[in-house]
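Participant: next one to model:
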Amino acid sequence: MNIIRKFIGAKSKFEKDIPYTYEARIKIVEGNKEYNSYVADTICGLVEHLDQNGITPDNVAIFEIFSKQEKPLDIAYCVTDAGRWMTRSELCKSFKQHYPGHIDETGCTFEDREKDVSGP
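Facilitator: Below is the predicted model of the structure:
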């Protein structure tokens, strides 16, 4: 990563047709509005983190965060038919149509982003 990108961030974060970041919200107590929040620049990094930390899909709501809005993401993009989190390669296939022109056989627009996750 060159010196300019270290200061202004990943080039893909400035694209208007894909999310700036992703947020997973996990309910703390059923029936209560409070939740724990995990944030990541990539959906694959976020899903991998949730899976590695034993957070099951049935307790999670994921949001695509854009510069001026947030949209709930259909969890079906991230979960297999068996109800488990998808792997990174499965996510690429799943999101190929959701983000047309950003994911192909050689890679994706999100490759310039950090895979770190921040959360509670």
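
Participant: in the chain, which spans are helices?
Facilitator: 3-8, 43-52, 88-95 (DSSP state H).

Participant: show me where the chain dips below the pLDDT cut-off.
Facilitator: 1-9, 14 (pLDDT under 70).

Participant: which residue would you name as the spatial centre of it?
Facilitator: Centroid-nearest residue in the chain: residue 43, 2.1 Å away (criterion: CA atoms, centre = their mean).

Participant: can you tell me which residues contact that residue?
Facilitator: 22, 62, 73, 77, 78, 91, 95, 110 (CB atoms under 8 Å, 6 or more residues apart in numbering). C-beta: built from backbone N, CA, C; applies to glycine.

Participant: between those, which is nearest residue 54?
Facilitator: residue 78 (15.7 Å; CB to CB).

Participant: give the contact list for the residue nearest to the closest one when sequence neighbours are not counted.
Facilitator: Counting by CB to CB, 6 or more residues apart in numbering, residue 78 lies nearest to residue 47, which is 5.2 Å off, once chain neighbours are set aside. Contacts for residue 47 (CB under 8 Å, 6+ apart) come out as 78, 85, 86, 91.

Participant: please identify the most buried of the helices of the chain.
Facilitator: Among these, ranked by average contacts under mean count of other CB atoms under 10 Å, first place goes to helix 43-52 (a mean of 21).

Participant: can you check what angle separates that helix from helix 88-95?
Facilitator: On the basis of axes from the mean of the first three to the mean of the last three CA atoms, to 10 degrees, helix 43-52 is oriented at 130 degrees to helix 88-95.

Participant: centre of the chain versus helix 43-52, how much separation?
Facilitator: Here helix 43-52 is found 8 Å from its chain centre; the criterion is CA atoms, centre = their mean, to the nearest Å.

Participant: just the CA trace of it, in CSV.
Facilitator: Output in CSV follows, covering the C-alpha atoms of helix 43-52 (Å, rounded to 0.1, in the frame of the first residue of the first chain):
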residue,chain,number,x,y,z
ILE,A,43,-18.2,-9.0,4.4
CYS,A,44,-15.9,-12.0,4.2
GLY,A,45,-13.8,-10.6,7.1
LEU,A,46,-16.9,-10.0,9.2
VAL,A,47,-18.5,-13.4,8.5
GLU,A,48,-15.2,-15.2,9.2
HIS,A,49,-14.9,-13.4,12.5
LEU,A,50,-18.4,-14.3,13.6
ASP,A,51,-17.9,-17.9,12.7
GLN,A,52,-14.5,-18.2,14.5
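
Participant: with that, I have no additional questions.
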